[in-house]
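J.: Let's see this in three dimensions:
(one chain, ligands or ions: 1)
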Amino acid sequence: MTISKDIKFDCAHMLSGYEGKCANLHGHTYHGTVTIEGDIDASTGMLLDYNEIKKVVDKYDHAIIFSSVDLRYTAEEDLLGWAQKNNMRYVVLPFGKSTAEVLALTIAEEFDHYGKVTVRLSETDGSWAEAEAHA
Ligand SMILES: [Zn+2]
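T.: Just a heads-up that it's a prediction; the model follows:
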C-alpha cells in the first residue's frame, strides 16, 4: 500500500562555501511529493493521516534552512545568530548542506518508521532530487 501527498513550501537558504550565486541568501518555492509505502493501521484504517505529512513539512515553510553545524561558513553562522536573536523561523539540518538533495533525504527520514519513503523535491521547475529512506 502506498500513500502520496504533494508538498509545497517556501524557504530561504544559502550554500556556504559554494563557488557561485547560490552562496548568497536566496529563496525557493519547493514543491514535490512524499510517498510512503507501508501497512494500513487496523485501528484507523489509514497508513498515515495525510495531515501528519503536512505538519512535518510545515515546519520548513517560511523558514531559513541552515546547513549542519560542521558545514556552516561565517556568513551562514552569522545569519543563524541573527535568526535566533530575532526569533525568526529556522531549521538546522541534521547533516549536510541545504541542497534539494539533502532536504529531500531529511524529509524522507522523518517518515521512515512508517515504511519505505520516497521524497521528490524541486527547487525550480523541471529539476528535482529524489530521496529514499527505509524503516
Ligand atoms: Zn537555492
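
J.: In this protein, where is pLDDT below threshold?
T.: For the chain, not a single residue meets the criterion pLDDT under 70.

J.: Which stretches in it count as helices?
T.: All helices of the chain, identified by DSSP state H, fall at 50-58, 74-85, 100-109.

J.: what angle do the last one and helix 50-58 make?
T.: With axes from the mean of the first three to the mean of the last three CA atoms, to 10 degrees defining the directions, helix 100-109 sits at 140 degrees from helix 50-58.

J.: Now helix 100-109 - C-alpha only, CSV.
T.: C-alpha atoms of helix 100-109 as CSV (Å, rounded to 0.1, in the frame of the first residue of the first chain):
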residue,chain,number,x,y,z
ALA,A,100,17.4,19.9,-2.6
GLU,A,101,19.1,16.5,-2.3
VAL,A,102,19.8,16.8,1.5
LEU,A,103,16.4,18.4,2.1
ALA,A,104,14.6,15.6,0.3
LEU,A,105,16.5,13.0,2.3
THR,A,106,16.0,14.8,5.6
ILE,A,107,12.2,14.9,5.0
ALA,A,108,12.2,11.3,3.9
GLU,A,109,13.9,10.2,7.1
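
J.: Packing partners of it?
T.: Applying 3 or more CB pairs under 8 Å, 6 or more residues apart in numbering; DSSP states H and E, one finds that helix 100-109 makes contact with strand 26-37, strand 116-122, strand 129-133. C-beta here means a position set from N, CA and C on the backbone, and glycine is covered the same way.

J.: Could I get the buried residue list for that helix?
T.: Residues 100, 102-109 are the ones in helix 100-109 that count as buried (16 or more other CB atoms under 10 Å).

J.: Then the first one?
T.: Going by neighbour count (16+ other CB under 10 Å), the buried part of helix 50-58 is 53, 57.

J.: Other residues contacting it?
T.: The contact list for helix 50-58 (CB atoms under 8 Å, 6 or more residues apart in numbering) reads 3, 5, 7, 9, 34, 36, 107, 110-111.
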